[in-house]
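> prediction below, plus the sequence it came from.
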Amino acid sequence: MRTFTEKQIEEYINYTDENVISKEEVLGQCFMCGRPLKEVDLPEGPERKVVCLKDRDFFVEQYEELLDMGEIQ
């Protein structure tokens, strides 16, 4: 299972803010399904800031694609 650091999640948030949607519109919600994070089960790591437990695998796939494309480090 992939683990994330706080720095990686912050970089993902900043990438999303600059290239996808304003972070003010999505913080507090799952970046994948849009449900409020306070209403869903959350993963254990820092990724709990951006994704629910149900969508964690999809998040990891997207994150790895961004890494492969050189969009994030």
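Nice, I can see it. Numbers count the residues shown, from 1 in each chain.
> after the helix or strand bottoming out on mean pLDDT in the chain, which helix or strand is next?
Sorting the helices and strands of the chain by mean pLDDT, DSSP states H and E puts helix 23-26 at the bottom, at a mean of 94. Using DSSP states H and E, the helix or strand that follows helix 23-26 in sequence is helix 56-69.
> and the nearest residue to residue 29 once chain neighbours are set aside, what does it touch?
The shortest distance from residue 29 to any non-neighbouring residue, by CB to CB, 6 or more residues apart in numbering, is to residue 36 (5.7 Å). From N, CA and C alone the C-beta is placed, and that goes for glycine too. Counting by CB atoms under 8 Å, 6 or more residues apart in numbering, residue 36 makes contact with 28-30.
> which of these are buried?
29-30 (16 or more other CB atoms under 10 Å).
> ok so, going back, so which elements touch the least confident helix or strand of the chain?
helix 6-19 (3 or more CB pairs under 8 Å, 6 or more residues apart in numbering; DSSP states H and E).
> what sits against the most centrally placed residue in the chain?
Central residue of the chain (CA atoms, centre = their mean): residue 50, 3.9 Å from the mean position. Residue 50 makes contact with 9, 12-13, 16, 30-31, 59, according to CB under 8 Å, 6+ apart.
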